[in-house]
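Trainee: give me a model of this one.
(one chain, ligands or ions: 1)
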Amino acid sequence: MSVRARPTSPHLQIYRWTVTMTMSILHRMTGIANYAGMALLALWLVAAAAGQETLTQVNYIYGSWFGQLVLFGFTWSLVHHMCGGLRHFVWDFAVMMEPGQRETMAWATLVASVIITLLIWTLFVWMA
Ligand code: HEM
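Mentor: Reported below is the predicted structural model:
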């Protein structure tokens, strides 16, 4: 019996990679990262409640270069996810969905998240 070649669906190697795809994936990834970041915040609050000695130890870890890197990433993750949330909020009004507009929104999310994160760290960490 001969086997006919069956039609295949387009997949990731066929689709042209777009910025909207990237933002969609990043939204889920930052959502997951936010869970981990919130655990760090909870740990810090527990340490503060436990007493000065525990808080000093946690502050030492969070204040190290690696801790600062993780906290900077967490800040960006939160901000990026929030910007993504606002993008979805705009879409709830059935606007900015046309080709071109979607890409503009995607780039705006990325650029705004970087600028807001740098602003937060400049004001509350580097200049504080
Ligand atoms: C620590 C805070 C947050 C956590 C842990 C979190 C976590 C998540 C996760 C894991 C997802 C992915 C769900 C999925 O793809 O199935 C998600 C989606 C979503 N989040 Fe958050 N999120 C947080 C804050 C926010 C904020 C502040 C906003 C709005 C400003 C927001 C708006 C959204 C929206 C609109 C979606 C759905 C996106 C879609 O339909 O594809 N989130 N969140």
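
Trainee: next structured bit after the helix ranked longest in the chain?
Mentor: When every helix of the chain is counted residue by residue (DSSP state H), the longest turns out to be helix 19-50. The helix or strand immediately downstream of helix 19-50 is helix 52-63, counting by DSSP states H and E.

Trainee: show me what stretch 49-58 is in contact with.
Mentor: Contacts to stretch 49-58, defined as CB atoms under 8 Å, 6 or more residues apart in numbering, come from residues 43, 44, 47, 48. (Glycine included, C-beta is placed from N, CA and C.)

Trainee: which non-adjacent residue is nearest the last one?
Mentor: Here the nearest residue to residue 48 in space, its sequence neighbours aside, is residue 55; by CB to CB, 6 or more residues apart in numbering that works out to 5.1 Å.

Trainee: burial of that neighbour, as a residue count?
Mentor: Residue 55: 16 surrounding residues under other CB atoms under 10 Å.

Trainee: let me know the distance separating it from residue 39.
Mentor: The spacing between residue 55 and residue 39, counted by CB to CB, to the nearest Å, is 17 Å.
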